[in-house]
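Undergrad: Generate a structure from the sequence data that follows.
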Amino acid sequence: MASAANGPACDADVIVVGAGAAGASTAYHLAARGWRVRLLDARSLPRPKPCGGGMAASVQTLFPFDLRPAVDRVITKVRFTWCLEDPVIAELPGEAPFWIVRRSRLDHLLARQAVACGADLLEATAVERISREGEQWRIHTTTGGALSSRAVVIADGARSSFGQGLGLGSPQPRYASAVSVEVEGEVQEPETAHFEFGLVRHGFSWAFPRQGGLSIGVGSFIGREPLEAEAILARLLPSFGLPPDSGERRISPLRVWDGHHRLHHDGGAVVVGDAASLVDPFLAEGLRPALLSGTRAAEALDRWLGGEARALAGYSEAMRLEWGQSMAWGRRIAQVFYRLPRVGYQLGVKRPTAPRRIAQILSGELGYGDIAQRVIRRLMFNRGSS
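TA: Purely as a prediction, here's the structure:
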């Protein structure tokens, strides 16, 4: 239960900057615990967002309400290819292991749940600056106004710089080059997600079915050369029976996990989701860590607001244990795999047990640490013997 703030009155106990998946989930969990929450977003909801929309159905355990109204498709199979050939099919475990969601619906659903619990949603309210004034945080908006709070949650996505200014997250975020395309049309395999490893240098492309079309993306995860997205899409789109110029291209940088970093400020600030550089550096999964970080941040803030001075350190530690340890192995796999993509496909995807293991990682059943040492040894041995 919320308690009165010490010192001058604040506009809220917590201000959440950004109403995406991470920010809205943080706002919901805090409002559900009785705290005064203001949730700010630079745009009006619902709003489209470039995102493949794939997430493990296991995230449902983080919420007491049903997330399925935001789900477009339930994925039961994953199809891997090399240069659009040499396919490998993996059956996903469980009844509903992997969901494709429409981000406009998911973010809006989470924000509505937060509002239903008492949070104030301030739409079309962009934040210009965050400062610390005495025992309060001041959130300065582009309209010239300012709001005060006891705590602040930085959740404004991959392009955020607020966390770095407070010494939170990676001081030099690492970005994967990515282009996303939303295409309308008939979906031939509505329960199958596609991963193509041969067309993209140092990366891969993906195609996720949704209602009335496909969410397609191209990403390069190591190296600094330009991403030749148009040449890749000119080959990829026709493989789905689509014209090569289908859809609207959107540049959508992915702020990938790049080491363990402090995600909290002892004075009552945390960074969550893409702003915290939590995207999987191997398979580009971003929604599961966004929702997980929002939930764990809210749990820690609840204790901190209740008087537990060191509670926020528990948030950084929880994300290190629950997400970061697996991602440390995921990054090592990516560094080897994407430098030896053909070898990686043969030894890391085409082995009899490999597709099942990848499927279990996508569904959240396994972490990279469960497979990493065997995979890395196999790839490194092959490189050394070639």
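Undergrad: ok, Arg310 - how many residues close by?
TA: 11 (other CB atoms under 10 Å). The way it works is simple: take the backbone N, C-alpha and C, and place the C-beta from them, glycine included.
Undergrad: ok, it - contacts?
TA: Arg310 makes contact with Asp266 under the criterion CB atoms under 8 Å, 6 or more residues apart in numbering.
Undergrad: And it, how far from Glu317?
TA: 10 Å (CB to CB, to the nearest Å).
Undergrad: repeat for Ile130
TA: With CB to CB as the criterion, Ile130 and Glu317 are 24 Å apart.
Undergrad: cool, and Thr142?
TA: 35 Å.
Undergrad: What of Gly53?
TA: 30 Å.
Undergrad: Report the distance from stretch 208-223 to the chain centre.
TA: 14 Å (CA atoms, centre = their mean, to the nearest Å).
Undergrad: and if you look at stretch 160-170?
TA: Per CA atoms, centre = their mean, the centroid offset for stretch 160-170 relative to its chain is 17 Å.
Undergrad: next one: stretch 209-224
TA: That offset, for stretch 209-224, works out to 14 Å (CA atoms, centre = their mean).
Undergrad: quick one on the thing from earlier: more neighbours: which of Gly53 and Glu317?
TA: Gly53 (25 against 16).
Undergrad: so that one sits right up against Ser215, yeah?
TA: Yes - the pair Gly53 / Ser215 is scored as a contact, 5.7 Å apart, by CB atoms under 8 Å.
Undergrad: hey, what's in contact with both of the two?
TA: 100, 208.
Undergrad: mind listing what Ala19 touches?
TA: 27, 39-41, 45, 107, 110-111, 121, 123, 155.
Undergrad: brain fart, Pro48
TA: Contacts of Pro48 (CB under 8 Å, 6+ apart): 103-104.
Undergrad: which stretch of helix or strand covers it?
TA: Using DSSP states H and E, Pro48 maps to neither a helix nor a strand.
Undergrad: Would you map the helices across this structure?
TA: Using DSSP state H, the helices assigned to the chain run over residues 21-32, 103-116, 162-165, 229-236, 287-305, 311-319, 325-337, 341-344, 354-362, 372-385.
Undergrad: Tell me the buried residues in the fifth one?
TA: Neighbour-count burial for helix 287-305, with 16 or more other CB atoms under 10 Å as criterion, is recorded at 287-302, 304-305.
Undergrad: next one: stretch 36-52
TA: 36-42, 45-46, 49-52.
Undergrad: pLDDT on that stretch, on average?
TA: The average of the pLDDT scores along stretch 36-52 is 90.
Undergrad: end-to-end on it?
TA: 33 Å (CA to CA, to the nearest Å).
Undergrad: same check, this time on stretch 131-139
TA: Note: stretch 131-139 ends 7 Å apart using CA to CA.
Undergrad: Listing request: residues of the stretch 151-300 of the chain with sub-threshold pLDDT.
TA: 223 (pLDDT under 70).
Undergrad: about what we covered before: just name the most buried of the helices of the chain.
TA: helix 21-32 (a mean of 30; mean count of other CB atoms under 10 Å).
Undergrad: tell me what it is packed against?
TA: Packing partners of helix 21-32 (3 or more CB pairs under 8 Å, 6 or more residues apart in numbering; DSSP states H and E): strand 12-17, strand 37-40, helix 103-116, strand 146-154, helix 287-305.
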